[in-house]
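Output the structure for:
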Amino acid sequence: MHTRPPLWLFILAAVLFTTATDEFIIAGVLPSIAADLGVGVGAAGQLVTAFAVAYAVGAPTVAVAADRLPRRTVMVGGLALFAAANLAAAAAPGFWALAAARVAAALCAAAVTGAAFATAAGAAPEGRQGRYLATTTAGMTAALIGGVPLGAWLAGAADWRATFVFVAVVAAGAAAGLRVSAPKVAGSAPAPLRERLRPLAAPAVLRLVGATFLAASGGLMFYSYLSAFAAETASGAYAVLTGLLFTVGVAGMAGAVLSGRWADAFGPQRALAGVLGGHAVALALLAVFAWADWGGAWLLFPLVAVWGLYAWALTPPMQGSVITAAGPEHGMTAMSMNIAALYLGTGAAGALGGAVVEAAGAPWIPAASAVLMLGSFALALRPAVAAARTATAHEAKANEGDGATGVECATAAPPGTPCAP
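Sure, this is the predicted structure:
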């Protein structure tokens, strides 16, 4: 019988909430920053790019440097520096000082996020790794639903600098909570630099990193241009855009939780293939919706809900698959590279989506996204098939071992495990 999830797991979700909020919060305060610092809105928007690029480039590097340290040490120290960087952003006298603070915050966030996922996976009880990763991931989804709107509200009620103070306070609180509650998950054993870098060149890991990049590019392309797509394909959709975004948030939270259960039940590789396949089908249905000119938000809502369910179900099985491919001893480095691919895909989504809109129009966005998602599915299919064959072989061997009696062991083995003869 499983006990209730520990406190530190929910603190990890708060950590991901904080780092994700810090990434996206700029979007809600760009005009205020531009006016206060005397730069254009376009220039202020480069603060988003600076954070994303620093995170993507820095994640594998920081992970390799911190790989030998205990995960709790990395998280607590990284969160303290992350809070300091956000306080520096709040006090920035000019644009370049703010940009430097954002880069520093991104590097700290990269270290903390990788250690958080490694802790959730490494300290999870047997058979519950997917659910622990899902709970951690839910913090990122909550940032989109609550963190970013809250930051925008703070900017309106006080000042844009208050948003960075808010992030710093939450980060400091999470650091204090992890200091007293986080489990002791050791870093990797001492090894030459070449050995620590091995996951960065492993074909199985690179295949999954490529799948993450394509999935992020395809899924976030549709999300980035949802308002434009709705405006052109569903009459009166602008009036219900807030409802559509709320639908995505609710469906995304459900997807993040359910995918963890799928990963535990079927294995992360098979769950990942199922999520990517479902995501591709959802995007294809949205493309048909646009091409068939059905119109009306009444049909767009359920289609977007199905899409949101699969779109936000990606991370738990993907991170679990990466850990399986790299091995627990290289998990933090491999997961950091995977997170970097997620951020690079996020950046590519906006550029690719813009090109599609300019060339063919917003109704073609889901079709282009579906093509990228099919590519991601193809990369994830091979490990899923291998995992299915392994599971079938183990099941056949177990049936041979118990003489097909169906008698279960009354031991600490998982339910349904047959007794050895």
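
wait, isn't Leu16 in contact with Ala143?
Yes - with contact defined as C-beta atoms under 8 Å, Leu16 counts as touching Ala143 (7.4 Å). All C-beta spots, glycine's among them, are computed from the backbone N, C-alpha and C.

which of the two has more neighbours?
Leu16 (26 against 23; other C-beta atoms under 10 Å).

and the closest residue to Ala325 other than its chain neighbours, what does it touch?
Spatial nearest neighbour of Ala325, excluding adjacent residues (C-beta to C-beta, 6 or more residues apart in numbering): Ala204 at 4.0 Å. The contact partners of Ala204, by C-beta atoms under 8 Å, 6 or more residues apart in numbering, come to Ala325, Ala326, Pro383.

Excluding covalently adjacent residues, which one is nearest to the second one?
Leaving aside its chain neighbours, Ala326 sits nearest to Ala334 (3.6 Å; criterion: C-beta to C-beta, 6+ apart).

What count of nearby residues applies to the one you found?
So Ala334, with other C-beta under 10 Å, has 29 neighbours.

Just the mean pLDDT for the helix or strand harbouring Met373, thanks.
Using DSSP states H and E, Met373 falls within helix 365-401. The pLDDT scores in helix 365-401 average 80.

Mind telling me which residue is nearest the centre of this structure?
Thr315 (4.8 Å; C-alpha atoms, centre = their mean).

if I pick the nearest residue to it once chain neighbours are set aside, what's in contact with it?
Sequence neighbours aside, Thr137 is the residue nearest to Thr315 in space, at 4.4 Å (criterion: C-beta to C-beta, 6+ apart). Applying C-beta under 8 Å, 6+ apart to Thr137 gives the contacts Ala13, Leu16, Ala256, Gly260, Thr315, Pro316, Gln319.

Model confidence score at Thr137, please.
On pLDDT, Thr137 comes in at 82.

so how far is Leu12 from it?
10 Å (C-beta to C-beta, to the nearest Å).

Tell me if I'm right that Thr49 and Thr346 touch.
No - the pair Thr49 / Thr346 is not scored as a contact, 10.6 Å apart, by C-beta under 8 Å.

Turn the contacts of Ala204 into CSV, including distance to Leu79.
Formatted as CSV, these follow (distance: C-beta to C-beta, whole Å):
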residue, distance to Leu79
Ala325, 28
Ala326, 25
Pro383, 33
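
Tabulate those residues in TSV, adding columns for distance to Ala63 and neighbour count.
Shown next, in TSV, are those (distance: C-beta to C-beta, whole Å; neighbours: other C-beta atoms under 10 Å):
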residue	distance to Ala63	neighbour count
Ala325	16	23
Ala326	11	23
Pro383	22	22
